[in-house]
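Engineer: Sequence and predicted structure are below.
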There are 2 protein chains.
Amino acid sequence: MERFPSPSIPPFPAARRRATGRATLNDVASAAGVSAITASRALRGARAVDPVLVEKVRVAAQQLGYVPDPAARALASARSSHVAVLIPLLSNALFVELLEAVQHTLAPAGFQTLMGVTHYQPAEEDALLRSYLAHRPAGLLVTGFDRSDAAHQMIADSGVPCVHLMETVSTPGVYGVGLSQLDAARTVTEHLLQRGRRRIAYVAGQLDPRVMQRAEGYRAALRDAGCYDPQLEILDPTPTSMALGGHLFEELLQRHPDVDAVFFCNDDLAQGGLLAALRLQVAVPQRIAVVGFNDLAGSDQMLPPLTTIRTPRAEIGTQAAKMLLALMRGEPVPQSTIDLGFELVVRQSS
Amino acid sequence: MERFPSPSIPPFPAARRRATGRATLNDVASAAGVSAITASRALRGARAVDPVLVEKVRVAAQQLGYVPDPAARALASARSSHVAVLIPLLSNALFVELLEAVQHTLAPAGFQTLMGVTHYQPAEEDALLRSYLAHRPAGLLVTGFDRSDAAHQMIADSGVPCVHLMETVSTPGVYGVGLSQLDAARTVTEHLLQRGRRRIAYVAGQLDPRVMQRAEGYRAALRDAGCYDPQLEILDPTPTSMALGGHLFEELLQRHPDVDAVFFCNDDLAQGGLLAALRLQVAVPQRIAVVGFNDLAGSDQMLPPLTTIRTPRAEIGTQAAKMLLALMRGEPVPQSTIDLGFELVVRQSS
DNA sequence: CTGAAAGCGCTTACAG
DNA sequence: CTGAAAGCGCTTACAG
């Protein structure tokens, strides 16, 4: 009885294999009786391949449970299946909805979304861009047009197709899907004017580019009506929140007892303001009208329900992703800028 | 004068190059006067390399602006720098905070986060897992322990380190960071009992596993107190929202006029309930006490401020990411399960 | 419409 | 502590 039998059949050649055990394109090709490159083309649906062979390859891939290796594909083609999406913040529901729409559109097309949060910091955006661009993404989605020169340069140099979210512009060769923040702000301000308000405040947090564009819309409307008063602007760089909204609302009433309307730059601020009014027993809209921006979850549940501007962020995400898809595929893009507009939603707070 | 001068210097050899123009590891190696493999080891800080050479390589990489190609690295090492994170929903702020913490911990360690949203659908989770696992992620983070057999199998077969989020268990070999949803629910229910409430309702949406674990905690507490009444449970599979909370609150009051407290399974529901109470002029907490779960943004701003359970989701994200980092590096993990607990936050609604 | 060859930019596994 | 060779699994660029 051998305790340590020497194998009668020699072991496999001192394997240098580092294979993962998964089926490879070559496995599929030999199973289908074609070359690797034909299998590759058949699977990608590229170029003309004999339909009979395509079917053979399909079946073989199916049977072997073949899943293409994204790393190999990226290395060989110098382009990955990743799309990097840079958004300022995740704590603003707006961007969450934007992101979900993007992902929902990109995923079925075979692209993975790499999300990066910039926290409104140009330096963070630069770092993310540097890191993500190293991955040679197939496409890039960024928020707004304001960024560092270095960032602009990196994007341009990379040659990666890029679509800008949330704002509108008309610079040729620059792609974007959004709305005019200025026009929307002007619209809701004019709504307050039409309701007879004259002492209208603009209360803002975060002070990112879009918040400042809204400030411009607010100013334009009030200047046209001849009742712009810079004193009625409260601009706080703190990130927006319901708590901040309540706090700034109180501050506003103390500093300007004669104010008869407030335009909050974002709904979370406005919701906090509405709650503060309830706490302070300030009648809305009788004593003071309140309006917000974005129509976030809960605004319709407030007491009174909040008048606001509905922004089409989901549609922005979808359209931007579709535009990017076209750019990545080298297809023609009918228009480089899409303005999706906005909607004034009048509820009981104004 | 030649209109079409033929070049005196021959063009570069009919290049088969498909290079990207970026510096490669070989460029760095020759600039530093070492072999590619030594440069590779020096840059990764792996194995012992002569400190002098390490420095040379560092300088060369710096000067050439070398950025390693993740695709090549993934292909050669059969492991990417991606970590896939599967969460149920992005519309619940809880998961957004969890995700941010994860990303914040993983990014400095050089890992990219790939987020996937399952919408609480096992089939969607299976599809995401299949797709993400094809990318050979370095690690995996999933929410909870409930999933399809296929999903469990895929995770196990992949050999990819995996940490489970949000719940606690003690299955050996299974890694997790979370809290006992049952204990937390029991605690807030006991709080209501201590305040003298006896007709305590449980109002829930979504009905995901954790919501049902909370239901068990609620039942346990009430059974112990001898006042469990299954009639007082309203279980609605609809996703939670403030609007749903308001709606279910009204329904509850109509069906059970004698109810003296409500435990909402999530704060958004509770906030909606509180607003509905205000609208209906139902005194909280005098007529009815209201408590929530998670302590989401705005709960402290409500009227009255909401009593709730604070869950440490950011800390869960951080700890889980750290645990995963250790697993990915093959470092020992002191304990496979971390229970981060919870905190009862008593405000004026109870 | 199809294929043989080369190469993408790294790391593994062996040697020394 | 260092390196030459091979290979990861695809796609590109040429030919035919």
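Structural biologist: Done, it's in. Residues are numbered from 1 along each chain as shown, chains lettered A, B, ... in the order given.
Engineer: Low-confidence stretches in chain A?
Structural biologist: A:1-21, A:46-47 (pLDDT under 70).
Engineer: those strands in it, which residues are they?
Structural biologist: A:82-87, A:112-117, A:139-143, A:162-166, A:175-178, A:200-204, A:233-235, A:261-264, A:289-291, A:308-310, A:337-339, A:343-345 (DSSP state E).
Engineer: out of those strands, nearest to chain B?
Structural biologist: Proximity to chain B, assessed across the strands of chain A by C-beta to the nearest C-beta, is greatest for strand A:112-117 (6.0 Å). Every residue, glycine included, has its C-beta placed from N, CA and C.
Engineer: which of the strands of chain A is buried the deepest?
Structural biologist: Greatest average neighbour count among the strands of chain A goes to strand A:261-264 (a mean of 30), per mean count of other C-beta atoms under 10 Å in any protein chain shown.
Engineer: Can you give the strand pairings for that one, parallel or anti for each?
Structural biologist: Paired neighbours of strand A:261-264 in the sheet (DSSP bridges): strand A:200-204 (parallel), strand A:289-291 (parallel).
Engineer: mind listing what's buried in stretch A:245-252?
Structural biologist: Within stretch A:245-252, the residues scored as buried using 16 or more other C-beta atoms under 10 Å in any protein chain shown are A:245, A:246, A:247, A:248, A:249, A:250, A:252.
Engineer: sorry, back to before: need the strands of chain A in JSON lines with distance to DNA strand C, can you?
Structural biologist: Converted to JSON lines, these look like this (distance: least, C-beta to the nearest atom of the strand, whole Å):
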{"stretch": "strand A:82-87", "distance to DNA strand C": "16"}
{"stretch": "strand A:112-117", "distance to DNA strand C": "19"}
{"stretch": "strand A:139-143", "distance to DNA strand C": "20"}
{"stretch": "strand A:162-166", "distance to DNA strand C": "22"}
{"stretch": "strand A:175-178", "distance to DNA strand C": "27"}
{"stretch": "strand A:200-204", "distance to DNA strand C": "45"}
{"stretch": "strand A:233-235", "distance to DNA strand C": "46"}
{"stretch": "strand A:261-264", "distance to DNA strand C": "49"}
{"stretch": "strand A:289-291", "distance to DNA strand C": "53"}
{"stretch": "strand A:308-310", "distance to DNA strand C": "47"}
{"stretch": "strand A:337-339", "distance to DNA strand C": "34"}
{"stretch": "strand A:343-345", "distance to DNA strand C": "48"}
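Engineer: So which of these is nearest residue B:216?
Structural biologist: Distance to residue B:216, taken as C-beta to C-beta, is lowest for strand A:112-117 among the strands of chain A, at 34.6 Å.
Engineer: what distance separates the closest one from the middle of the whole chain?
Structural biologist: 9 Å (C-alpha atoms, centre = their mean, to the nearest Å).
Engineer: Determine which residue belonging to chain A approaches DNA strand C most closely.
Structural biologist: residue A:48 (2.2 Å; C-beta to the nearest atom of the strand).
Engineer: burial of that residue, as a residue count?
Structural biologist: Residue A:48 has 7 neighbouring residues, counting by other C-beta atoms under 10 Å in any protein chain shown.
Engineer: Which members of the buried residues of stretch A:245-252 additionally contact DNA strand C?
Structural biologist: By C-beta under 7 Å from any atom of the strand, no member of these lies near DNA strand C.
Engineer: Surely residue A:208 and residue A:88 touch.
Structural biologist: Yes - with contact defined as C-beta atoms under 8 Å, residue A:208 counts as touching residue A:88 (6.4 Å).
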